[in-house]
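> Sequence and predicted structure, then a few things I'm wondering about:
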Protein chains: 2
Amino acid sequence: MSADGQLQDASSSLMQVSADPNVSESSLSALTTWVTPTDRYFIRHHFAQVPSGERATWHLTVDGEVHRPFTLSFTDLLALPSQEVVVTTECAGNSRSYLTPPAEGLAFRHGAVSTARWKGVPLRILLEQAGVKDTAVEVLFEGADSGREEEDGVVSDLSYRRSLPLAKAQHPETLLAYEMNGVALTPDHGFPLRLVVPRWYGMASVKWLTRIEVLAQPFEGFFQTRRYVMIPEGPEQDFDRVPVTVLQVKSLMTSPRHGEVIQPGECTLQGFAWSGAGEITRVDVSTDGGHSWQEATLHGEAAPNAWRQWAYRWQTPSPGHFICMVRATDSAGNTQPSTIPWNFRGYANNAIHTVALEVPARLAIPS
Amino acid sequence: MSADGQLQDASSSLMQVSADPNVSESSLSALTTWVTPTDRYFIRHHFAQVPSGERATWHLTVDGEVHRPFTLSFTDLLALPSQEVVVTTECAGNSRSYLTPPAEGLAFRHGAVSTARWKGVPLRILLEQAGVKDTAVEVLFEGADSGREEEDGVVSDLSYRRSLPLAKAQHPETLLAYEMNGVALTPDHGFPLRLVVPRWYGMASVKWLTRIEVLAQPFEGFFQTRRYVMIPEGPEQDFDRVPVTVLQVKSLMTSPRHGEVIQPGECTLQGFAWSGAGEITRVDVSTDGGHSWQEATLHGEAAPNAWRQWAYRWQTPSPGHFICMVRATDSAGNTQPSTIPWNFRGYANNAIHTVALEVPARLAIPS
């Protein structure tokens, strides 16, 4: 493979997509374990500055449509019942680079997806403590991160705010997390406290959490209605802006990597598959550009909110170039499409992952 | 459009694709004229060092399967009959970025295509002077540029060499050019002398030319048989490596640019169309993602080896996001496909050019 080649992934485990704000994705080749080590976990900030909260001075306010609004210290929080949950989180913009024509937004390749073991307090405990009124429809989460956004020539100062429908907020596994992979959150991942919303794209899991407000009306803020919505082709009046919510069924091949030169013989294709709508029931692999498909084996640990590992042992023909694909199906009957319809901000691209592999010929270079 | 957007082209006229070797493509928005100004003309070197030839010491050798081999000084060359020809040249790797899965090689977007007015000596004059033997089948061209190449673990020292079939070498418009757009070649474009092969992809137009060798056998050097050949998916033994030669029919929209925000009302879509196999007979435009097509107008100058300009006046609906496409057809009946089959090095991508345009809504940003 020549030095100018673009086929191979970078060898470092995190690849920067943007410096300001800091956004980095994992190299697929670094995603080798069911739980992703924190230093390989993708990072998606929305503003340049990372909030520098401290546990000693941090407070969380719970108010809005509740009977008993309150403010909590970190010590108060640690005294509440805790729970651990392993969750796969994918950035809504993951795989954006592969849309045609190119979509607006950060040029993520496939690595803005990771899995962590989170520990924290189930959100519903705080909601029960506050006493949600019958008027409530959504719960709004506010992070300590803020900055400026521009759209259509209008510049605004914003903090990062996102809401959840009440039912999702009350789900037993929606967590206020203070530990990630067994230790306190790092600043990049929301220290001291963040929301973790299993089965939803990552924008829902608000970091650096400072306020929880129960709402009687749907939230219509910038990150709820101007970002993370599907904007298809066509005149605006012809469609509704459907919000991005539940993870689409998807799979990735993490080894071999796209562009890898493999030796003749047996080669194990492997990777991960996940879905927000159900469990992964099968993964199929093609080694001939989608002409034929064979079922892969699901293996390793399984958890309701986490990806499954898959593997397929392939007898490589030799020599040549082979287009390999992986396609997951979930228990709700969803399967991955060959391509997704273009949407302006390139969200939720779960098109079949396709890689090219080379079995090399043994030839000298002609002069 | 946000600051992190990837939709818009860079505003500079040349965008670097590689620093070493120097490779730069034009910004589509800089391709505004039928003849491309030299400082906007794409650059594709194969090695780090640009040869620093001088006219005073430069010599061209013509030998091989000829009756009267000779060596020519630059003064000798200037004394020969000259000719001007306007030629559109496209890099074989142009539009490589848009293949799925990604192809091996420099990540060109759509701007590695340009048009220049070349002046020089028709190659056939030198071939007649040398007297080509009946045994001749090809003519080999050697540039002064050289360096190292690695493939399959084998490293070789190479100079840039490419051959042409005898008939193409003898074509009246195959030129040994010493002027580009009215002045001496620049170092980046082959000073003091280069080959210009109309209707073929750019790799044939050898720069910094020092030797012309008439061959009795087909040339099988690195840049002839290991590069610039179509390597499709599948076992190597199942196909021949078809060389890249004649320009595929293709068109580009240069204005508006992909991602541009346009105002409601009338908008002129415009760009270029070309083909190595014939003249452009029609250009069609879609403003609804390929559902319907309308014929564009061909206008401006026409020449056998150069692109045509096209334009289409569009009444923009408002507001919304619109996927616009352009598709050219040539006199040989070729038309552009929606996608091309994957090939390992991503050559000759002439898939329909697709851009997204926005007609903005006038809305304030919700907080």
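Yep, it's here.

> How about the residues of the stretch 151-300 of chain A by chain B?
Proximity of the stretch 151-300 of chain A to chain B is confined to A:151-152, A:154, A:156, A:158, A:220-222, A:224-226, A:231-238, A:258-259, A:288-289 under the rule C-beta under 8 Å from any C-beta of the partner chain. From N, CA and C alone the C-beta is placed, and that goes for glycine too.

> And the residues you listed, which of them are buried?
A:151, A:158, A:221-222, A:224-226, A:231-233, A:236, A:258-259, A:289 (16 or more other C-beta atoms under 10 Å in any protein chain shown).

> and the two most separated of those?
Set against one another by C-beta to C-beta, these have their most distant pair in A:158 and A:289, with a gap of 45.0 Å.

> Give the full set of residues in contact with residue A:84.
Applying C-beta atoms under 8 Å, 6 or more residues apart in numbering or on different chains, we find residue A:84 in contact with A:117-119.

> So which of these would count as near chain B as well?
Restricting those to contacts with chain B (C-beta under 8 Å from any C-beta) yields no residues.

> Let me know the closest of these to chain B.
Minimum distance to chain B across the contacts of residue A:84 is 27.5 Å, recorded for residue A:118 (C-beta to the nearest C-beta).

> Tell me if the closest one really is in a strand.
Yes: when DSSP: H, G, I helix; E, B strand; the rest coil is applied, residue A:118 is found to be in a strand.

> how many neighbours does it have?
25 (other C-beta atoms under 10 Å in any protein chain shown).

> For the closest residue to chain B within the stretch 151-300 of chain A, give me its contacts.
Nearest residue of the stretch 151-300 of chain A to chain B (C-beta to the nearest C-beta) works out as residue A:235 at 4.0 Å. If you count contacts by C-beta under 8 Å, 6+ apart, residue A:235 has them with B:317-320.

> Of the residues you listed, which is the nearest to residue B:331?
Among these, and counting by C-beta to C-beta, the member closest to residue B:331 is residue B:317, at 34.2 Å.

> For the closest residue to the closest one other than its chain neighbours, name its beta-bridge partners.
Spatially, and ignoring its direct neighbours in sequence, residue B:317 is nearest to residue A:235 (4.8 Å; C-beta to C-beta, 6 or more residues apart in numbering or on different chains). When bridges are called by DSSP bridges, residue A:235 pairs up with residue B:320.

> Identify the single longest helix in chain A, thanks.
Counting by DSSP state H, the longest helix found in chain A is helix A:123-130.

> what are the pairing partners of the helix or strand that it is followed by, and which direction each?
Sequence-wise, the next helix or strand downstream of helix A:123-130 (DSSP states H and E) is strand A:138-151. Counting by DSSP bridges, the strands paired with strand A:138-151 are strand A:154-165 (antiparallel), strand A:209-215 (antiparallel).

> Now do the longest one against helix A:123-130, angle only.
For strand A:154-165 against helix A:123-130, the angle by axes from the mean of the first three to the mean of the last three C-alpha atoms, to 10 degrees is 90 degrees.

> from the chain's centre, how far out does strand A:154-165 sit?
Mean-position distance between strand A:154-165 and its chain equals 19 Å (C-alpha atoms, centre = their mean, to the nearest Å).

> what does that strand contact?
Here strand A:154-165 has contacts from A:46-47, A:137-150, A:174, A:197, A:203-204, A:206-208, A:215, A:218-219, A:221-224, A:228, B:364-365, B:367, using C-beta under 8 Å, 6+ apart.

> just stretch A:333-341 next, same as before
The contact list for stretch A:333-341 (C-beta under 8 Å, 6+ apart) reads A:99-100, A:232-233, A:248-251, A:275, A:277-278, A:290, A:327-329, A:348-352.

> dump the residue contacts of the most centrally placed residue in chain A.
Taking C-alpha atoms, centre = their mean, the centroid of chain A lies closest to residue A:90, which sits 1.0 Å from it. By C-beta under 8 Å, 6+ apart, residue A:90 lies in contact with A:112-113, A:201-202, A:247, A:250, A:274.

> Show me those residues that map onto strands.
A:113, A:250, A:274 (DSSP state E).

> Save the residues you listed as TSV, and put in pLDDT too.
TSV is the format used below for those (pLDDT from 0 to 100):
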residue	pLDDT
A:113	98
A:250	98
A:274	98
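
> Could you rank the residues you listed by neighbour count and give me the top one?
residue A:250 (30 neighbours).

> wait, it sits on residue A:350?
Yes: Residue A:250 is in contact with residue A:350 according to C-beta atoms under 8 Å; the separation is 4.1 Å.

> would you turn the contacts of residue A:235 into JSON lines with pLDDT, distance to residue A:182 and neighbour count?
Formatted as JSON lines, those follow (pLDDT from 0 to 100; distance: C-beta to C-beta, whole Å; neighbours: other C-beta atoms under 10 Å in any protein chain shown):
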{"residue": "B:317", "pLDDT": "83", "distance to residue A:182": "55", "neighbour count": "16"}
{"residue": "B:318", "pLDDT": "83", "distance to residue A:182": "54", "neighbour count": "17"}
{"residue": "B:319", "pLDDT": "91", "distance to residue A:182": "49", "neighbour count": "17"}
{"residue": "B:320", "pLDDT": "94", "distance to residue A:182": "48", "neighbour count": "21"}
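
> All set, thanks.
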